[in-house]
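In: Need the 3D shape of this:
(one chain, ligands or ions: 3)
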Amino acid sequence: MRMEPKIGKHFTLAVLAFLGLAVGAHAGMGQLKEVFKWKQVDFKLADEAARTAAIKSGEFKQANNLPLGIEVWEDKVFITVPRWKSGVISTLNYVKKNSGESPLLIPYPDLETNSVSQAPYDTKIVNTFRVRADECDRLWVMDAGLNNILEDPQLLSPPKLLIFDLKTDKLLRTFPLQAGDIKEDSFFANIVVDVDKNKCDEAFGYMPDLGSYGLVVYDWKNNETYRVKHHYFHFDPLAGNYHIGGVNFQWTDGLFGIALGPRGDDGFRTMYFHPLSSTREFAVSTKIIQNKTIASDSYYQYRVLGSRGPDTQATSSFLDLPSGVIFYTQVNRDGVGCWNSKKHENEYSADTNGLVSSDNQTMIFPNDLKVDRDSNLWVLTDRLPNFIYKHLDENEINYRVLSAPVSSLIKGTVCE
Ligand SMILES: *[C@@H]1O[C@H](CO)[C@@H](O)[C@H](O)[C@H]1NC(C)=O
Ligand SMILES: *[C@@H]1O[C@H](CO)[C@@H](O)[C@H](O)[C@H]1NC(C)=O
Ligand SMILES: *[C@@H]1O[C@H](CO)[C@@H](O)[C@H](O)[C@H]1NC(C)=O
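Out: Ligands and ions are numbered 1, 2, ... in the order given. Below you'll find the model as predicted:
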């Protein structure tokens, strides 16, 4: 976690800009439209008195509220605000799609469920980074359980899943991860759900453990979890150096992004995955992942697809089923990358991966992305390294939500 002057960034960006043009990406540059932007986020609370009281008690410190995760369901855009520091009044929130350019965040399902001022915490959302709305209109919330990570970390609850009914906003289930799921440095910041619309009981939740290099699987039908391990869940020691927004730092994060392909004839899907500190992509069938007796004991069933090339570390990824294109954040390149899993099924390289959008002002640290049911890509950018290691200038736009139709983003790129 050292800070050093940036080295070679201009050179790298120049090369990337050139590569972008080489694959015809000028059509893709700047295609993403700003839907929301904030210098600082604020929340919709009961009234001004409640807001004043929350500031006075320290429950709300505006500068410590950094949006991170995104999900889109009907007219709601969910936005998580992790509890990195104190004063995050609500960690799970939403805004309506058409609510202006800098809307107030609305606590979901309510402020009380997001409050960490008083135990018990078993049905509270302590600290969420990412959420997923599934095909059965349920919202799966991955709660890391750890409050105030950077200032005074306290494990208020074990990492847990909370699953809400999006139609009624009622809590359907909570599942605390079990002793065997959690290792010493475990950290759960992402959740991917594997379910079909007409088989809502046969759902699986995949929870990457970026800190201890594993995958925890939740089986909805049996209401149980188990832990999966594989070498490919680990970080690459040669890919842990980052230069982002003028900040240089090193991270050791393992398994992070997971994207699911279409269901095959055997009823299973390809799970594409990558560690964060890595430039490689891997794949395995969910037939292996969903079978707890063999998931950790099937070394050769996990495949190396290939490398995207230098500086291509990615957090989240998502596969758009109609086009077969996987989108992934490009944190070291201030942009979003793509790879067409249909067109280039067996060719995964720097040549078959494209950069659909990049901007060293408006896209500093693309943190999360999703494709909605109408094939629009949504991206949240938030300058996280500056927030963690330096500081954010509250007079600048620090946080953005960007969106564009998949078809227009990939047009003229290697992913079309
Ligand atoms: C699922 O298991 C968890 C952990 O044992 C338990 O707390 C919960 O009540 C169970 N839920 C259901 C629906 O069985
Ligand atoms: C898990 O895999 C084993 C070995 O291939 C197989 O015998 C078993 O039936 C599988 N279990 C399920 C639930 O599919
Ligand atoms: C941002 O990109 C522009 C255009 O590609 C370039 O001229 C500028 O030097 C870059 N700025 C930084 C800080 O990298």
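In: Which helix or strand contains residue 117?
Out: Element membership for residue 117, per DSSP states H and E: none, as it lies in no helix or strand.
In: Skip the chain neighbours and tell me the closest residue to it.
Out: Computed as CB to CB, 6 or more residues apart in numbering, the closest residue to residue 117 that is not its neighbour in sequence is residue 59, at 6.5 Å. Placement of C-beta: from N, CA and C, glycine included.
In: Going along the chain, name the strands of the stretch 51-200 of the chain.
Out: With DSSP state E, counting those that start in this stretch, the ranges of strands along the stretch 51-200 of the chain come out as 70-73, 76-80, 92-96, 106-107, 128-133, 138-143, 146-147, 154-155, 160-165, 170-176, 192-194.
In: Name every strand pairing with the fourth one and say which way it goes.
Out: Partner strands for strand 106-107, per DSSP bridges, with pairing direction: strand 92-96 (antiparallel).
In: again, but for the longest one
Out: With DSSP bridges as the criterion, the sheet partners recorded for strand 170-176 are strand 160-165 (antiparallel).
In: can you check the fifth one too?
Out: Partner strands for strand 128-133, per DSSP bridges, with pairing direction: strand 138-143 (antiparallel).
In: Need the residues that contact the strand it pairs with.
Out: Counting by CB atoms under 8 Å, 6 or more residues apart in numbering, the neighbours of strand 138-143 from elsewhere in the structure are 71, 73, 78, 92, 108, 125-134, 157, 159-166, 172, 188-191, 193, 200, 205, 207.
In: Could you tell me the angle between it and strand 76-80?
Out: With axes from the mean of the first three to the mean of the last three CA atoms, to 10 degrees defining the directions, strand 138-143 sits at 10 degrees from strand 76-80.
In: For the residue nearest to residue 117, list the residues it contacts.
Out: Taking CB under 8 Å, 6+ apart as the contact definition, residue 59 lies against 87, 89, 117.
In: now the first one, nearest residue through space, not along the chain?
Out: When the adjacent residues along the chain are set aside, residue 87 lies closest to residue 61, with 2.7 Å between them (CB to CB, 6+ apart).
In: Show the model's pLDDT score for the residue of the stretch 201-350 of the chain found nearest ligand 2.
Out: Closest approach of the stretch 201-350 of the chain to ligand 2 (CB to the nearest ligand atom) occurs at residue 291, with a separation of 3.7 Å. According to the per-residue confidence, residue 291 scores 98 in pLDDT.
In: Run a quick neighbour tally on it.
Out: Here the neighbour count serves as a burial measure; for residue 291 (other CB atoms under 10 Å) it reads 16.
In: Is residue 185 in contact with residue 235, as I believe?
Out: No. In terms of CB atoms under 8 Å, residue 185 does not count as a neighbour of residue 235; the distance is 11.9 Å.
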